[in-house]
Every structure is written in C-alpha cells, then in structure tokens.
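Enquirer: no FASTA, just this:
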C-alpha cells in the first residue's frame, strides 16, 4: 500500500488545515519523502518511514513558513524596521541530517525505524 494524502491525514490529523491547497502540498511532501525511503531497503516499513519523514518535513516547513521560529527557522535573511518585518531562511539541513531529524518527534521516530533496518540481516 502506498502512502496517499488520505492515509497520511488519518495517521496525522494535525496536518489538516482546511486550506484548499492542503492536499497538493501534503502530496508533494509525500513524494519528497518517498525519494528518501527505498522500498527495497525499508520493505514492510516503507509506508511508515514515508509517513513519519513527511510529517517531519511538514512540521519544519510549517515552522519556517509561520515565522514562529523554533527549530525550523534558519538564519535571519531580512530585517525591515518600518512596520517591523523579519524573515528567516529555511535550512534543508534540518530535513536531511541526523541532527535535523532529531528536531521533531516525527524525525526521531523515522530515525528509530531507520536504525532498526540496519539490524535486519540481508538475505543473499
């Protein structure tokens, strides 16, 4: 079974916002996560790996996009004094590095699953 928007929001209802573009956005992040979770390696854990990595990436993107900072915000890239404005750059390192994956509970679960894969013997 492949991860779809419908299956993702059943597992992670917190990501449903009611915004019209929500399904397209989540589907795009599922596609990104799918590129990092090979079914030939993850086998029975593929859908779970994709789901948790998607949730991790969405969490970081939401933090960076909302301007709330937190672990999803990158370096300050713009400051405006009149009518106070500030922008933060989004760091892709937070998505792909182990330290970045530790920044959300979803990324931590992804790492936990990934570490279990290395314990599984390969059949030749």
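Expert: Nice, thanks for sending it over. What you see is a predicted model, and the numbers here were worked out from it, not measured in a lab. Numbering: from 1, shown residues only.
Enquirer: How about the contacts made by residue 109?
Expert: With contacts taken as Cβ atoms under 8 Å, 6 or more residues apart in numbering, residue 109 has the following neighbours: residue 52. Heads up, the C-betas are built off the backbone N, CA and C, glycines and all.
Enquirer: Could you name the helices and strands sitting against the longest helix along the chain?
Expert: Ranked by residue count and defined by DSSP state H, the top helix of the chain is helix 46-66. Helices and strands touching helix 46-66, by 3 or more Cβ pairs under 8 Å, 6 or more residues apart in numbering; DSSP states H and E, are helix 5-11, helix 22-34, helix 93-96, helix 105-117.
Enquirer: Go through those helices and name the closest to residue 59.
Expert: helix 105-117 (6.1 Å; Cβ to Cβ).
Enquirer: Enumerate the positions of that closest one that are buried.
Expert: Neighbour-count burial for helix 105-117 flags 106, 107, 109, 110, 111, 113, 114 (criterion: 16 or more other Cβ atoms under 10 Å).
Enquirer: Looking at the residues you listed, spot the one nearest residue 50.
Expert: The nearest one, if we look at the buried residues of helix 105-117 relative to residue 50 and count by Cβ to Cβ, is residue 110, at 9.3 Å.
Enquirer: got a list of what that closest one touches?
Expert: Residue 110 makes contact with 49, 52, 53, 56, 101 under the criterion Cβ under 8 Å, 6+ apart.
Enquirer: which non-adjacent residue is nearest it?
Expert: Leaving aside its sequence neighbours, residue 110 sits nearest to residue 52 (Cβ to Cβ, 6 or more residues apart in numbering; 4.2 Å).
Enquirer: What is the neighbour count of that neighbour?
Expert: Other residues near residue 52 number 27, with proximity taken as other Cβ atoms under 10 Å.
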